[in-house]
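Sequence plus predicted model, see below.
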Amino acid sequence: MSGQLLVQPEDAPAETHLRVRFRFADDQGTELRFVDQRTFGGLAVEDADPSDPESAPLSLGHIARDPLDPRFDDTAFLAALRRRSSGVKRNLLDQTLISGVGNIYADEALWRSKIHYERPADTLTRAQAALLLASAREVMSAALAVGGTSFDSLYVNVNGESGYFSRALDAYGREGQPCNRCATPMRRSAWMNRSSYHCPRCQRLPRQTTGS
Ligand SMILES: [Zn+2]
């Protein structure tokens, strides 16, 4: 919800809300700091599974890997997604299925894939589901390259910089502006206490769709 992880020189003065310092065995003169103005953050220390040191801690076992993780299982994800009858965006935000895809990146991935956010996931063809996953990866990689998408000065990268990806968004926050593909005005809809942005022309909801 809040807080920053910052890479700082070990001798840099402590931030006002510095909560935790992490020092590393391969000491390079820097440390990782957790700074949190609010009190939503938490820290847990857990041993790795000795038989699989790169596995996620057991307490995180219910959270799926994110699609930039080399161990993300594309085949399993695509099969699970195409079994869900709920709307595709809801599934993109379901951390038991895939993590790291928030509201903004979901809208961007759906726009790139020309898929309506409420389309039942089990009506996607295999090719559409694969395109959606590839689009989510593209969006997340592009955002990562410029430090994320930040609308809040408290959200910064490890060097303390805000993300600039918001300048490159094609869907999110663009209500009334022309679609970057077809120039139709983009539409905002209320969705699960949030907003969904889509192009009513490029991202149509099929009246009747059969999966393949
Ligand atoms: Zn369009």
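Received, thanks. Numbering: from 1, shown residues only.

Would you mind listing the buried residues in the helix or strand that contains Ala143?
Element membership for Ala143, per DSSP states H and E: helix 126-145. Residues of helix 126-145 classed as buried by neighbour count (16 or more other CB atoms under 10 Å): 128-133, 135-137, 139-140, 143. For every residue, glycine as well, the C-beta is placed using N, CA and C.

what's the answer for stretch 175-192, then?
179, 186-188, 191.

now stretch 100-115
For stretch 100-115, by 16+ other CB under 10 Å, it's 100-101, 103-115.

which is the next helix or strand following the least confident helix or strand in the chain by mean pLDDT?
For the chain, using mean pLDDT, DSSP states H and E, the weakest element among its helices and strands is strand 4-9, scoring a mean of 88. In the C-terminal direction, the helix or strand that comes right after strand 4-9 (DSSP H and E) is strand 18-22.

Get me the contact residues on this structure for the ion.
By CB under 5 Å from the ion, the residues of the chain that approach the ion are 179, 181-182, 184, 199, 201-202.

any chance you could map the helices in the protein?
Secondary structure of the chain (DSSP state H): helices at 74-81, 88-92, 103-113, 126-145.

Spatially central residue in this structure, please.
Val101 (2.5 Å; CA atoms, centre = their mean).

I'd say that one and Leu93 touch.
Yes - at 6.5 Å, Val101 counts as touching Leu93 under the criterion of CB atoms under 8 Å.

For Gly87, give me its contacts.
117-121 (CB atoms under 8 Å, 6 or more residues apart in numbering).

Look up which residues are beta-bridged to it.
Pro120 (DSSP bridges).

That one and Pro57, how far apart?
31 Å (CB to CB, to the nearest Å).

how close does Cys97 sit to Asp66?
In this structure residue 97 is Leu, not Cys. Counting by CB to CB, the separation of Leu97 from Asp66 is 11 Å.

follow-up on the earlier one: just the buried residues of stretch 175-192: which are in strands?
Taking DSSP state E, the ones among the buried residues of stretch 175-192 that sit in strands are 187-188, 191.

Output stretch 24-39 in CSV with nothing but the alpha carbons.
What follows is stretch 24-39 as a C-alpha-only set of coordinates in CSV (Å, rounded to 0.1, in the frame of the first residue of the first chain):
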residue,chain,number,x,y,z
PHE,A,24,24.2,-7.7,2.4
ALA,A,25,26.9,-10.3,2.7
ASP,A,26,28.6,-9.1,-0.5
ASP,A,27,28.9,-5.6,0.9
GLN,A,28,29.2,-2.9,-1.8
GLY,A,29,28.9,0.0,0.6
THR,A,30,25.2,0.3,0.0
GLU,A,31,22.2,-0.9,1.9
LEU,A,32,18.5,-1.5,1.2
ARG,A,33,16.2,0.6,3.3
PHE,A,34,12.5,0.3,3.9
VAL,A,35,11.0,3.8,4.5
ASP,A,36,7.4,4.1,5.3
GLN,A,37,5.5,7.3,6.2
ARG,A,38,2.4,5.3,7.1
THR,A,39,2.1,2.0,9.0
